[in-house]
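>>> Mind folding the following:
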Amino acid sequence: MPDKPVPPVQPWSEPFWAGAREKRLMLQKCASCNKYIFYPRLGCPFCFSERLDWTEASGHGTVYSYTVVKNNPPSSFAGDVPFVIAIVELEEGVRMMTNIVDCDPEAVCCDMPVEVTFEPLTDKITLPKFKPLAKEGTGNA
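Below you'll find the predicted structure:
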């Protein structure tokens, strides 16, 4: 099987990938309109300002939408089946495409609380993924 594809790192997205390597979920925030932005960009999609800062996100959110991949043609993802591809809405208001991990795929549901976890793909790329939010006092999801 081929290796999994590696996301391209652009100069304007490097702080996101550097944060992920440090197990920190970084988001851009516009210094002009104060809105969070995801995916990394050169300018704010809301007010068009180029005054963008980086800030660490809470790492908490909810599943907005998802699908369970139950079969896959021969590819680098075939060994992962079944897996969940989801849109997670972060507390900061942005949505990001990701995977839900550490959970039975059939247990995933919309509005499920999740928290970020990190999976190294290469020495330079660590992927933020999400798992069910641990219930307080139990350490379990």
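
>>> Which phi and psi values does the closest residue to Glu119 other than its chain neighbours adopt?
Counting by Cβ to Cβ, 6 or more residues apart in numbering, Glu119 lies nearest to Leu127, which is 4.9 Å off, once chain neighbours are set aside. To be clear about C-beta, it is placed using only N, CA and C from the backbone, and glycine gets the same treatment. According to degrees, to the nearest 10, the main-chain angles of Leu127 amount to phi -90, psi 130.

>>> Give me the number of neighbouring residues for Leu127.
As a burial measure, the neighbour count of Leu127 was computed by other Cβ atoms under 10 Å and equals 18.

>>> Contact partners for it?
Applying Cβ atoms under 8 Å, 6 or more residues apart in numbering, one finds that Leu127 lies in contact with 7, 20, 98-99, 118-121.

>>> for Met96, same thing?
Taking Cβ under 8 Å, 6+ apart as the definition of contact, the neighbours of Met96 are 38-39, 87-88, 90, 128.

>>> That one: which element?
Assigning secondary structure by DSSP states H and E places Met96 in strand 95-100.

>>> The next helix or strand after that strand vs strand 95-100, what angle?
Toward the C-terminal end, the helix or strand that comes next after strand 95-100 (DSSP H and E) is strand 113-120. Orientation of strand 113-120 against strand 95-100 (axes from the mean of the first three to the mean of the last three Cα atoms, to 10 degrees) gives an angle of 70 degrees.

>>> I am finished for the moment; much appreciated.
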